[in-house]
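Asks: quick one: sequence and predicted model below, then my questions.
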Amino acid sequence: MAKTVGFAVVGLGVGHAHVKGALEAEGCKLVALCDIRPQTLDRILEKHPGAASAKFYTDYTEMLKNPEIDVVSICTPSGMHSDMVIEALRAGKHVLCEKPMDITVDKILAIEEVRKETGLKVGGVFQNRRNAVMEPTKKAVEEGRLGEIYTGLFRVNWYRSDEYFLHNDGWRGTWALDGGGSLMNQGVHTVDLMQWLLGEVKSVRSIMRIVNHKIETEDFTNSIITFKSGAVVNLISTTSAYPGYGTDIQLTGTDGSIHIDGDRLTVWRIKGDNMKEEEAEMLQKYGAAGVVPASDHTVVRGHSFHVQDIVDAVRFDREPMIGPVEATKAVRIINAVYESARTGKEVVFD
């Protein structure tokens, strides 16, 4: 029988979702929690009373000495990730790391080198790939059902107040710890979906600006992304779209189109004799009224999926779904957007 994996979470802001996942995961025991702010423990226990048996730490290095810990889930500011992942690997712990795995490709590749050296598991978090609607969308793209996908839209149309950026010592909206603004923090999931669906990027041309926040980084980007396939899409991110809207994904091909609002399908029109019937069926399953995927609790989604994924990787000695090399892809695109915006030049990928 596979062993029970001892699980720890450091950073109890977004980390609360990892705590929930660990409490629910098969073959997992939550044994430790860590945050530099002791008051965060009360909020975690209020949401997740089952976490009361876990030992609480305010010192990360001290926590890593706990022999009960097999996996550390790192949910701290983005610019701290690689140092903390590597410290955990050096301490003999497997790691699950929140998005982005770090804010530069070089830092993520440093994680990959230590992962190979230690032979331990490192998983990343891109839970939007597990949105129910993404499964048939990915399948339709891979099967070529949309024909030539020649254009599209990936737009993160969100709102964040100035208070949001001041929270937790103001690390968000800084280049050093957030690595960017609306694109690196809020838009990274959408960039990941974009490259996951459309493949390798050829070039990036971008603008960025601060529209309505007192921050170092941008709160708006607008980019033309050209893919090696020939597709040319528009990538937009903002946290100034008052009062806040959703995330739009539109794929346009010679034989069909798919539109998604957040995690809900709005358009599924693919050439064929039963086009209308297929769209009606897909909207029923994955549209605003769709209840089939959402009510299927046998399918693990969101952060809970990634917690179960790393636990299973350890228990059954396999690789996690998102490793460091895969995690570099979205970060490379995002940093190319920033470089293009700063220089006013097109950034061409190798």
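Replies: Perfect, thanks for sending it.

Asks: wait, a helix at residue 217?
Replies: No - under DSSP: H, G, I helix; E, B strand; the rest coil, residue 217 falls outside any helix and is assigned coil.

Asks: residues contacting it?
Replies: 173, 174, 175, 178, 180, 181, 184, 210 (Cβ atoms under 8 Å, 6 or more residues apart in numbering). All C-beta atoms are positioned from the backbone trio N, CA, C, and that covers glycine.

Asks: one more: residue 60?
Replies: Taking Cβ under 8 Å, 6+ apart, we find residue 60 in contact with 10, 34, 84, 87.

Asks: make a markdown table out of those residues and add neighbour count, distance to residue 319 and pLDDT.
Replies: Supplementary listing: those in a markdown table, determined by neighbours: other Cβ atoms under 10 Å; distance: Cβ to Cβ, whole Å; pLDDT from 0 to 100:
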| residue | neighbour count | distance to residue 319 | pLDDT |
| --- | --- | --- | --- |
| 10 | 23 | 22 | 98 |
| 34 | 29 | 26 | 98 |
| 84 | 23 | 21 | 98 |
| 87 | 17 | 21 | 98 |
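
Asks: what would the contacts of residue 217 look like in JSON lines with neighbour count, pLDDT and secondary structure?
Replies: Formatted as JSON lines, the contacts of residue 217 follow (neighbours: other Cβ atoms under 10 Å; pLDDT from 0 to 100; DSSP: H, G, I helix; E, B strand; the rest coil):
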{"residue": "173", "neighbour count": "26", "pLDDT": "95", "secondary structure": "coil"}
{"residue": "174", "neighbour count": "18", "pLDDT": "97", "secondary structure": "coil"}
{"residue": "175", "neighbour count": "15", "pLDDT": "97", "secondary structure": "coil"}
{"residue": "178", "neighbour count": "22", "pLDDT": "97", "secondary structure": "coil"}
{"residue": "180", "neighbour count": "27", "pLDDT": "98", "secondary structure": "coil"}
{"residue": "181", "neighbour count": "30", "pLDDT": "97", "secondary structure": "coil"}
{"residue": "184", "neighbour count": "29", "pLDDT": "98", "secondary structure": "helix"}
{"residue": "210", "neighbour count": "16", "pLDDT": "98", "secondary structure": "coil"}
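
Asks: just to revisit the earlier point, closest one to residue 245 out of the contacts of residue 60, please.
Replies: In terms of Cβ to Cβ, no member of the contacts of residue 60 lies closer to residue 245 than residue 10, at 32.5 Å.

Asks: give me phi/psi at that closest one?
Replies: Per-residue torsions, residue 10: phi -120, psi 130 (degrees, to the nearest 10).
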